[in-house]
Structure formats: C-alpha cells, structure tokens
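Student: below is the structure, and that's it, no one-letter string:
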C-alpha cells in the first residue's frame, strides 16, 4: 500500500466541522477524492493513523500558549550568528537557457500537453 499524505487543512476542508476523528465513510470519501483504491483493511489502517494525527493536533490545540512569543525558527538562533550577505552570486543566464530549449514562447518554455 502506498502512503497517503493528507494535510490537516485538506481533511478539515473536506469535512468541515469534523470532530477531529474520521469515520470509515470519511476515509472512503478521501480515498475516492484522492483516486486511491483501498481495501477495507487498508482503509481501517489509514483511519487509525489519521485519527492518531488528528488526536495529536487536538492535544496541541489544547495547550495554552498565552504569552508565548512566536519564533522564526524551531530552535533559538544564537544572537552572534553570522549570516551571509544577500547578494547576487551568479549571472543571469536566462537567454542562454531559452536558446537551448526546443520550444519557447514569450519567455516561457513550451512542453507537450500531458493531461487531457
């Protein structure tokens, strides 16, 4: 069975007002929307895994973060950390790349249509 990765906002968008726990019917709907064939056993395994993730989200949402300052990084960045200067280090080779492409129109690469 391949892995199914569904972000929380997708699940919440498909099932607005869901109680952060998915039913077998909701798993069937998600599988149909994702165009994934699941056996009943696979569907049950996926439901258990997604419900564990949703349970973790519920527990995280319950934590009182009043007064906690938002961070820009997951770990504290040392105050003396040196960052490189934001400077251009390469030349613009757009025209060179476009010249080598088999088909270009108005600065865009043309590719064969792959979706009907």
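Tutor: Everything's here; your move. Since the structure is predicted, the reported quantities are computational estimates derived from the model, not experimental observations.
Student: can you give me the helices in this protein?
Tutor: 8-14, 24-33, 40-62, 94-100 (DSSP state H).
Student: and these, which is most packed in?
Tutor: Stretch with highest mean neighbour count among the helices of the chain: helix 24-33 (a mean of 15; mean count of other C-beta atoms under 10 Å). Any C-beta I mention is one placed from the backbone N, CA and C, and that applies to glycine too.
Student: nearest to residue 116, of the helices of the chain?
Tutor: Residue 116 sits nearest to helix 24-33 of all the helices of the chain, at 19.6 Å, using C-beta to C-beta.
Student: report all helices and strands that the closest one contacts.
Tutor: helix 8-14, helix 40-62 (3 or more C-beta pairs under 8 Å, 6 or more residues apart in numbering; DSSP states H and E).
Student: weakest of the ones you listed by average pLDDT?
Tutor: The stretch with the lowest mean pLDDT among these is helix 8-14, at a mean of 51.
Student: in this structure, which segments are predicted with low confidence?
Tutor: Low-confidence segments of the chain, defined by pLDDT under 70: 1-19, 80-81.
Student: rewinding a little: can I get the helices of the chain in a markdown table with distance to residue 70?
Tutor: Shown next, in a markdown table, are these (distance: least, C-beta to C-beta, whole Å):
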| stretch | distance to residue 70 |
| --- | --- |
| helix 8-14 | 19 |
| helix 24-33 | 31 |
| helix 40-62 | 15 |
| helix 94-100 | 37 |
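Student: distance of the residue in the chain sticking out farthest from the centre relative to residue 44?
Tutor: Taking C-alpha atoms, centre = their mean, the residue of the chain most remote from its mean C-alpha position is residue 99, at 34.5 Å. According to C-beta to C-beta, to the nearest Å, residue 99 and residue 44 sit 56 Å apart.
Student: repeat for residue 87
Tutor: Counting by C-beta to C-beta - residue 87 and residue 44 are separated by 55 Å.
Student: same deal with residue 91?
Tutor: For residue 91, the distance to residue 44 - C-beta to C-beta - is 56 Å.
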